[in-house]
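Trainee: below is the sequence, then the predicted model.
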Amino acid sequence: MAQHLSPALKKALKAAEAAIVADPRGELVLEHRRAIWAAMGEPEYDPDGFAEGLGHARRVELAQLVSRSILQYWTQALPGDTRATELLDKIDAYVQGEDSSGPMWDAIEALSPSLEELADQRAACVGYAAIHAAEVALRDEALEDPEPEPDAEPPDPDAPNPAGLDSAYFAVVACAGLEDEEQNVRERRRFWTWYVQEAVPEAFTTFGA
């Protein structure tokens, strides 16, 4: 599959693999994820400000693949509850032009209010990952930070960058937790290696090389 990737994406993936190995937490930080997203294609928007184009389709597919990779945590915690799967299916229908954004928003509204109340953290992460995938379908990933407003307060240096709360962030928390024990680091590194070696190439080639 690697032969079908662009030179820019191959370069970004190679740097990401080295970063995963070198990071003591087994993490793939936002800087490298953004480099991968950017290498998947230029961002494009229609006159109404909604994302479109080849790069966008690939980034949505990546968010979808990542979200579906952890669906088992939802079904284990909430057997018979299909809300997360239904949202991902509505995203597919929207991106493929089979439906408007309305059913996708309905699916988000059916899912979102209950997530903070879930006792199972992994299941909540699945829901948040799916919601972010829907946001990507509408607006794309944030490839760079927006320009601050002139009168805005300086950002809190300890606060997480909202752009880093992407579907992969929630997926890796579901898989590896937030702790830094040896097992957590191993599972975190395993997830990000899958992301770089399998998920990204699949998302890229699904919509042409």
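Mentor: Everything's here; your move.

Trainee: contact partners for the residue positioned nearest the centre of the chain?
Mentor: When C-alpha atoms, centre = their mean is applied to the chain, the residue found nearest the centroid is residue 167 (2.8 Å). Applying C-beta atoms under 8 Å, 6 or more residues apart in numbering, we find residue 167 in contact with 62-63, 66-67, 129-130, 132-133, 136. All C-beta spots, glycine's among them, are computed from the backbone N, C-alpha and C.

Trainee: quick one, what contacts residue 88?
Mentor: Counted by C-beta under 8 Å, 6+ apart, residue 88 has contacts 64, 67-68, 71, 130, 133.

Trainee: picking that back up, out of the contacts of residue 167, which comes closest to residue 188?
Mentor: residue 66 (13.9 Å; C-beta to C-beta).

Trainee: shaky segments in this structure?
Mentor: 1-3, 146-163, 209 (pLDDT under 70).

Trainee: all helices for this structure, in order.
Mentor: 7-22, 30-39, 54-68, 71-77, 83-95, 102-111, 121-139, 167-176, 182-194, 200-206 (DSSP state H).

Trainee: give the contact list for residue 77.
Mentor: By C-beta under 8 Å, 6+ apart, residue 77 lies in contact with 118, 120, 122-123.

Trainee: actually residue 60, sorry about that
Mentor: If you count contacts by C-beta under 8 Å, 6+ apart, then residue 60 has 91, 95, 133, 136-137 around it.

Trainee: picking that back up, of all the helices of the chain, which one is nearest residue 48?
Mentor: helix 121-139 (10.4 Å).

Trainee: which among the contacts of residue 77 count as buried?
Mentor: Among the contacts of residue 77, those buried by neighbour count (16 or more other C-beta atoms under 10 Å) are 118, 122-123.

Trainee: which one of these sits closest to residue 189?
Mentor: Distances from residue 189 to those, taken by C-beta to C-beta, are shortest for residue 122, at 18.3 Å.

Trainee: pretty sure that closest one sits against residue 70.
Mentor: Yes: here residue 122 reaches residue 70: they are 7.4 Å apart, a contact under C-beta atoms under 8 Å.

Trainee: shared neighbours of those two, which are they?
Mentor: What both residue 122 and residue 70 touch, as defined by C-beta under 8 Å, 6+ apart, is the set residue 174.

Trainee: relative to residue 21, how far out is the residue nearest to the centre of the chain?
Mentor: 23 Å (C-beta to C-beta, to the nearest Å).

Trainee: and residue 185, by the same measure?
Mentor: In terms of C-beta to C-beta, residue 185 sits 12 Å off from residue 21.
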